[in-house]
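>>> sequence and computational prediction follow.
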Amino acid sequence: MFNIYKGNLIRLVKNFLFIGGCILAFAITFTIASGRFPIDFLQAGTPEDRTFFASAAMVLYFSFFTTIFVSVEYQDGIIRNRIISGFSQIEIYVASLFAQYSAVIIMYAAYLLGGVLGGARFNSHFLKLLGIFLLSLLAYVTVTNAIAFRIKKVVFSTILTMMLFNACFNMVMFGNAILNFMENETALKIGKIIYNIHSLGQWFSMTPFSLDYTNPGYGVMIVLSCLVIIPAFSLPLIGLKKRELN
Amino acid sequence: MLRVLYSDLRFLLKHISLKICIGAAMGYALAFVVILKIIMSLVNEGSFLSGEDILSAYNDIAIFFITALAVMLFTPDFNNGTIRNKLVSGLRKSEIFLSSVFSGMIASIIMTVIVTLFEALLSIIFSEGFMTFNLAELSDNFLMLIVTAAAVGAFVTTIVLMFGGTKISYFAGFVVAFFLNLLGSEVATSLYPLNGKCTLTGAKLMLYTAYDRFMPFMHFEGYPRWDFLSYLTGSIALTALSIGIGLIIFSKKEIK
């Protein structure tokens, strides 16, 4: 399995979409963190706040990058070749997931570098936010990787993941408008959990623009990310060994 | 040209993508109504659903559905050799491009009309009626939606065709749609703030107003705010621009 992971990593660092994404992550974060971005509200607040605000772009990026990177393996016959070489589909799936996790961590490093050069300074609160968001991003990538790995067709998996991103975005917008009016305590708690189950919700809850009633607490956010990772990792394993590859 | 247009139209009407997208959009509208009903019962017992709320369900996400439809209909043409076969059979690139763009516009109109009629049906069943608009205004809105859908269909089909054959074609339309959505929200909230008056002045105000008035993507944001001629002008301009730029790029594009 390590060999497949290594092969994926080599393919990853040579991928022009990934290299371009990392350069963009660095450049955009640097511009926003240093207050040079030409939008008024992105020039307010501290460099740490602005750096954290920029992190949401990675959710959009991994909505299409993961599907393009994974689905192309089906088109090019990479998966079939690996099966011929004696690897099981489970090994290929796990290696693909770890390659995506590595992609997230590399891009996160590029993003942090941009933030630090733009003036952000690490403190315990900022590090806590970054850690929680990283975990939620890993959870999101587990879902997009699962979709790409099981659907196989690049057109459908891209559409599904882009729609997933849009649904998450709309849930944040809708949640901001509706949660404030919830009078029932139980309904509000359920609403907060739905709002924060995905990385965009957690991101917005942790930005300085967030509304108090959307934040369920940092501990709950960590638990929610873990609760997403477990089924998103396990469900694609069902019937994986028996499926047909064209 | 007519031969390929007929073939493309026949293809899109029989293609499963159109049915999937229409089904998904109708499912979305239905889910929107059900979820809104549940939330309203939790939030406040006195609140109710109006016909206008239901009619806005598809509008909010129409750009994404139209993009999905264009991606599903036209990206496979580059991978399965359809474009190459059309070229071999003697068609010019410009004819292939124009035929695809017209097909994209018609597919977008078909989907918008069916889903809007479905929303109207949902409004009759689930809402307390239309609170703001009368039948004539709703008909105007419907006409405006058709024109807008055609323009947006031409725009996203052009994007898909321009990047066709590359991985970018799968997601470029969605990324553009997302940023246009963000821009639309920024323009709408700046021009029509929920609290207080609009604080924009000078060139920024003119630019935002022109964008709100003429850009077809803004026509999906809420109810008609401008006259039909403005919407028609904006939609024709976007369609002409998409076709013009797309023709230049597609003609120079190497088909693998």
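Perfect, thanks for sending it.
>>> buried ones in stretch A:167-180, by neighbour count?
Within stretch A:167-180, the residues scored as buried using 16 or more other Cβ atoms under 10 Å in any protein chain shown are A:168-172, A:174-176, A:178-179. Where C-beta positions appear, they are placed from N, C-alpha and C, glycine not excepted.
>>> repeat that for stretch B:5-21.
Buried residues in stretch B:5-21, counted by 16+ other Cβ under 10 Å: B:5, B:8, B:12, B:15, B:17-18, B:21.
>>> where does pLDDT dip in the chain?
You didn't pick a chain, so chain A it is. Scanning chain A for pLDDT under 70 picks out the ranges A:244-246.
>>> let me rephrase: I mean chain B.
Confidence mapping of chain B against pLDDT under 70 gives the ranges B:43-46, B:221-223.
>>> apply 80 and report the result again.
B:1-2, B:39-48, B:164-165, B:167, B:194, B:219-224, B:255-256 (pLDDT under 80).
>>> so which bits of it are right by chain A?
Taking Cβ under 8 Å from any Cβ of the partner chain as the contact definition, chain B meets chain A at B:39, B:42-44, B:60-61, B:64, B:68, B:71-72, B:75-76, B:167, B:170-171, B:174-175, B:178.
>>> burial measure for A:Gly45, as a count.
A:Gly45 has 16 neighbours, counted by other Cβ atoms under 10 Å in any protein chain shown.
>>> and the nearest residue to it once chain neighbours are set aside, how many residues sit next to it?
Counting by Cβ to Cβ, 6 or more residues apart in numbering or on different chains, A:Gly45 lies nearest to A:Pro208, which is 5.6 Å off, once chain neighbours are set aside. Neighbour count for A:Pro208, taken as other Cβ under 10 Å: 13.
>>> quick check: phi and psi at A:Pro208.
In terms of degrees, to the nearest 10, the main-chain angles of A:Pro208 are phi -70, psi -20.
>>> that one contacts A:Asp49, correct?
Yes: using Cβ atoms under 8 Å, A:Pro208 is in contact with A:Asp49, at 4.8 Å.
>>> centre-most residue in chain A?
The centroid of chain A falls nearest to A:Leu137 when counting by Cα atoms, centre = their mean (3.3 Å).
>>> just checking, it touches A:Phe62?
Yes: using Cβ under 8 Å as the test, A:Leu137 is close enough to A:Phe62 to be in contact (7.1 Å).
>>> give the residues shared as contacts by these two.
Shared contacts of A:Leu137 and A:Phe62 (Cβ atoms under 8 Å, 6 or more residues apart in numbering or on different chains): A:Val104.
>>> any idea which helix or strand comes after the helix or strand where A:Ile178 lies?
Assessed by DSSP states H and E, A:Ile178 sits inside helix A:154-178. Later in the chain than helix A:154-178, the nearest helix or strand by DSSP H and E is helix A:185-196.
>>> what sits up against the helix or strand following that following helix?
Next helix or strand after helix A:185-196 toward the C-terminus (DSSP H and E): helix A:199-206. Identification of contacts with helix A:199-206 by Cβ under 8 Å, 6+ apart yields A:52, A:55-56, A:59, A:129, A:132-133, A:136-137, A:139-140, A:165, A:168-169, A:171-172, A:175-176, A:195-196, A:210, A:214-216, A:221, A:224-225.
>>> and for stretch B:54-64?
Under Cβ under 8 Å, 6+ apart, the answer for stretch B:54-64 is A:162-163, A:166, A:170, B:25, B:28-29, B:32-33, B:65, B:112, B:115-116, B:119-120, B:122-123, B:126-127, B:138, B:141, B:145, B:149, B:152, B:156, B:174, B:177, B:180-181, B:217, B:220-222.
>>> what about residue 105, helix or strand, and which?
If you meant another chain, say so; for now it's chain A. Assigned by DSSP H and E, A:Ile105 belongs to helix A:89-117.
>>> sorry, should have said chain B
Element membership of B:Met105 [criterion: DSSP H and E] is helix B:93-126.
>>> list the residues that contact the residue nearest to A:Gly45.
Here A:Pro208 is in contact with A:45, A:49, A:53 (Cβ under 8 Å, 6+ apart).
>>> output the contacting helices and strands for the helix or strand where the second one lies.
Taking DSSP H and E as the criterion, the element that holds A:Asp49 is helix A:47-54. Contact here means 3 or more Cβ pairs under 8 Å, 6 or more residues apart in numbering or on different chains; DSSP states H and E; on that basis helix A:47-54 packs against helix A:16-33, helix A:89-117, helix A:124-151.
>>> what's the angle between the shortest one and helix A:47-54?
Orientation note: helix A:16-33 sits at an angle of 140 degrees relative to helix A:47-54 (axes from the mean of the first three to the mean of the last three Cα atoms, to 10 degrees).
>>> the longest one now?
Taking the same axes, to 10 degrees, one finds that helix A:89-117 is oriented at 150 degrees with respect to helix A:47-54.
>>> is helix A:89-117 anywhere near chain B?
No: shown here: helix A:89-117 not in contact with chain B (Cβ under 8 Å from any Cβ), separated by at least 15.3 Å.
>>> B:Met111 and B:Tyr170, how far apart?
Applying Cβ to Cβ, to the nearest Å, the value for B:Met111 to B:Tyr170 is 20 Å.
>>> one more: A:Gly114?
A:Gly114 is 27 Å from B:Tyr170, where distance means Cβ to Cβ.
>>> so which of the two has more stuff around it?
A:Gly114 (25 against 22).
>>> can you pull the contacts of the residue nearest to the more buried one when sequence neighbours are not counted?
Leaving aside its chain neighbours, A:Gly114 sits nearest to A:Thr29 (3.3 Å; criterion: Cβ to Cβ, 6+ apart). A:Thr29 sits next to A:51, A:54-55, A:111-112, A:114-115, A:118 when contact means Cβ under 8 Å, 6+ apart.
>>> 7 Å instead?
Taking Cβ atoms under 7 Å, 6 or more residues apart in numbering or on different chains as the contact definition, A:Thr29 lies against A:51, A:54, A:111, A:114-115, A:118.
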